[in-house]
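Q: Below: sequence and its predicted model.
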Amino acid sequence: MWLTLVSMILMAAVFPVSAFSAAPVGNVLSKSQFKELQHNAHLAAQKYVNVASQNGFESWKSASITYQFPLFDFEDEITAFLFNITNAAGAAGYVVVSADDAPVVIESAREGVSPYATVEKNEKALYVGPTQYFIKKKDDTYYDIREHVSKNRKSLKSNGSLNGSKKVPETGLDGAEVGLLSAPALGINSVVSYSSKIISTVPDFSWRKGCSPTSFSNIIWYYRYSQGYTNLLQSTTTSDTLIDVLASSTYMNTDSSGATDWNNRVNGMKKFWSDRGYTVSVTRNSASFTDHKTEINANRPDIINVVGDATYTNHDMTGVGFEEYQESTENFKWYRYVIVHDTWNSTPKDVYIYLPQLSWNETVKVKP
């Protein structure tokens, strides 16, 4: 899953969690401080749902937001709050909101249930960065929701990209369902310059052999079945076979642990296309939201590479869309989200990640 690194310094792409305004006793929030954080996070979730629903996302109109529970880091300090979204048809996604004085939705999905649906009583849900989901079990082992295996703390490669700064009280953590506030109360009329796009026909294959062959296979499948590059795959080829072939020594040379060399994934993708009679440009580029938008608007999915993953260190995802808008009541602050297929079967198809929380290392562009 992770990519092999050769002499690389991890970029600090995550904004630190801000200090709480009311001084806690020691490192523990009071119940009232916790409730205030929870309430403000709920407002941020409601506002985000209203922004989406008022700008073309019909499934979130008249939706309800249900507070689930706080999310923690490996030190049992709070990082975020989880809210489930439901509409008349049932589960309609989830939002993760940062646990700080200026809460913002840092990850969301607009269909299905959250990765934490299996958390049981007396277990802790851990969230140490976008798409990094764990459960702290009663025996103090860490269940990696993405890999579906339990691990001890020492086996994890990092603390993740998102850290808390305060512990929460042991009681008083329950929440209740709250309907959407009215649009004017949430400042919906102050949103300007909204734009969003998803390339809806890109598949979302589950992790197999490694994140790179899986994510690049999403792109190959898209060009074969949505863009007319019929020689890329035979009609009988399955997604598993495609991923296995791309991971093989003939192409990306992904090792048994799922690691793929930075350049092998590029050269392997080029060779795969060339062997089937096509010329394709595959290039590694600096992380850029503007460039990502250009690719998506040209109907070209790309590869979003992130670093600092707690389990894999480095991870490739398929970039399939973006969302951005400007908030005039917040000094014209921009909210920008990258939409990815993250290779995890524990998440819905399209995952929205808030740009400042994305440990974005590089983009790989694929241009036939």
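A: Thanks, I have it.

Q: and the lengthiest strand in the chain, what does it pack onto?
A: Among the elements of the chain assigned as strand by DSSP state E, the one spanning the most residues is strand 313-327. Other helices and strands packing on strand 313-327, by 3 or more Cβ pairs under 8 Å, 6 or more residues apart in numbering; DSSP states H and E, are strand 3-4, strand 191-198, helix 211-226, helix 289-297, strand 302-309, strand 333-341, strand 360-367. In this view, the C-beta of every residue, glycine as well, is placed from N, C-alpha and C.

Q: Least reliable of those by average pLDDT, please.
A: Of all the helices and strands packed on strand 313-327, the segment with the smallest mean pLDDT is strand 3-4, scoring a mean of 44.

Q: what's downstream of that strand, the next helix or strand?
A: Using DSSP states H and E, the next helix or strand after strand 3-4 towards the C-terminus is helix 31-53.

Q: partners of the longest strand of the chain in the sheet?
A: In the sheet, strand 313-327 lines up against strand 191-198 (antiparallel), strand 302-309 (antiparallel), strand 333-341 (antiparallel) (DSSP bridges).

Q: what angle separates that strand from helix 211-226?
A: Between strand 313-327 and helix 211-226, the angle comes out at 60 degrees (axes from the mean of the first three to the mean of the last three Cα atoms, to 10 degrees).

Q: quick one, what contacts L162?
A: With contacts defined as Cβ atoms under 8 Å, 6 or more residues apart in numbering, L162 is in contact with V14, V17, D73, T79, A80, I106, Y127, V128, G129, P130, Q132, Q357.

Q: Assess the claim that the fourth one and Y127 are in contact.
A: Yes: in this structure, T79 sits in contact with Y127. The criterion is Cβ atoms under 8 Å, and the distance is 5.4 Å.

Q: Need the residues touching each of those two.
A: Common contact partners of T79 and Y127 (Cβ under 8 Å, 6+ apart): L71, F72, D73, L162.

Q: From those, which land in strands?
A: Residues of the shared contacts of T79 and Y127 located in strands (DSSP E): L71, F72.

Q: Separate out the buried members of the shared contacts of T79 and Y127.
A: Those of the shared contacts of T79 and Y127 that meet the buried threshold are L71, F72, D73, L162, by 16 or more other Cβ atoms under 10 Å.

Q: Tell me which two of the residues you listed sit farthest apart.
A: F72 and L162 (10.3 Å; Cβ to Cβ).

Q: Report the set of residues contacting both of those two.
A: T79, Y127.

Q: Neighbours of V351, how many?
A: Other residues near V351 come to 25 when the count uses other Cβ atoms under 10 Å.

Q: same thing with N84?
A: 20.

Q: Quick check: R276 vs T250, distance?
A: Per Cβ to Cβ, to the nearest Å, R276 is found 13 Å from T250.

Q: These two: which has the busier surroundings?
A: R276 (16 against 12).

Q: For the more buried one, which three-state class applies?
A: coil (DSSP: H, G, I helix; E, B strand; the rest coil).

Q: Now A117: which helix or strand?
A: Following DSSP H and E, there is no helix or strand that holds A117.

Q: what's the pLDDT at G26?
A: According to the prediction, G26 has pLDDT 56.

Q: Could you do A176 as well?
A: pLDDT, the model's per-residue confidence, is 48 for A176.

Q: try the one 3 residues further on
A: Residue-level confidence at G179 comes out at 54, pLDDT.

Q: Backbone dihedrals for P356, please?
A: P356 adopts backbone torsions of phi -60, psi -20, taken as degrees, to the nearest 10.

Q: ditto for E77
A: In this entry, E77 is assigned phi and psi values of phi -110, psi 140 (degrees, to the nearest 10).

Q: My read is that it contacts S165, right?
A: Yes: counting by Cβ under 8 Å, a contact exists between E77 and S165, whose distance comes to 6.1 Å.

Q: out of the strands paired with strand 313-327, nearest to E324?
A: Set against E324 and scored by Cβ to Cβ, the strands paired with strand 313-327 come closest in strand 333-341, at 4.4 Å.

Q: From the chain's centroid, how far away is the closest one?
A: When C-alpha coordinates are averaged (Cα atoms, centre = their mean, to the nearest Å), strand 333-341 and its chain have centres 10 Å apart.

Q: same check, this time on stretch 78-87
A: The chain centre lies 14 Å from the centre of stretch 78-87; the measure is Cα atoms, centre = their mean.

Q: what about the longest strand of the chain, distance to the chain center?
A: Averaging C-alpha positions (Cα atoms, centre = their mean) puts strand 313-327 8 Å from its chain's average.

Q: Skipping adjacent residues, who's closest to the residue lying farthest from the centre of the chain in space?
A: No residue in the chain has its C-alpha farther from the mean C-alpha position than G277, which lies at 34.6 Å (Cα atoms, centre = their mean). Ranked by Cβ to Cβ, 6 or more residues apart in numbering and with sequence neighbours excluded, the top spatial neighbour of G277 is N231, at 5.4 Å.

Q: Next: T250.
A: Nearest non-adjacent residue to T250, counting by Cβ to Cβ, 6+ apart: K271, 7.5 Å away.

Q: contacting residues for L355?
A: Taking Cβ under 8 Å, 6+ apart as the contact definition, L355 lies against F289, R336, Y337, V338.

Q: Touching, the second one and F289? I think so.
A: Going back to what we said before, that points to R336. Yes: under the criterion of Cβ under 8 Å, R336 makes contact with F289 at 5.6 Å.

Q: This completes my enquiry, with thanks.
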